[in-house]
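Novice: Please find the sequence and the predicted model below.
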Amino acid sequence: MRGGRRQIQTAVLGSADSEEPLMLPLEAIALDAFRRRHEHETYWCGLMLGGCGVQLATKLYTDRVCSLSSRAC
């Protein structure tokens, strides 16, 4: 798979201050299962991970690595 320009693969669950990290799956088929497993949760650019603290969303790609993104980061 070809990489994107900016790929965020780690986040935290629930809020920017959360201590519950997670790693996003890299492939589209695994991302579908990940989304179902966490469908009622929110993903954040975790402050304890050195992030900016904004809410993230998953981005599904079939031609490159799946990632998390935000409008603010």
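Specialist: Arrived safely. Residues are numbered from 1 along each chain as shown.
Novice: For the nearest residue in space to D17 that is not next to it in sequence, give me its contacts.
Specialist: Spatial nearest neighbour of D17, excluding adjacent residues (CB to CB, 6 or more residues apart in numbering): L47 at 6.0 Å. (Each C-beta comes from the backbone N, C-alpha and C, glycine too.) Residues counted as contacts of L47 (CB atoms under 8 Å, 6 or more residues apart in numbering) are A16, D17, G53.
Novice: Just the ones of those in strands?
Specialist: Among the contacts of L47, no member falls in strands (DSSP state E).
Novice: quick one: which of the residues you listed is nearest to M23?
Specialist: Nearest to M23, judged by CB to CB, of those is A16 at 17.5 Å.
Novice: contacting residues around the closest one?
Specialist: Going by CB under 8 Å, 6+ apart, A16 touches W44, C45, G46, L47, G51, G53, V54.
Novice: again, only this time at 10 Å
Specialist: The neighbourhood of A16, defined by CB atoms under 10 Å, 6 or more residues apart in numbering, consists of 42, 44-49, 51-56.
Novice: Give me the buried entries from those residues.
Specialist: The neighbour count (16 or more other CB atoms under 10 Å) marks W44, C45, G46, G51, L56 as buried among the contacts of A16.
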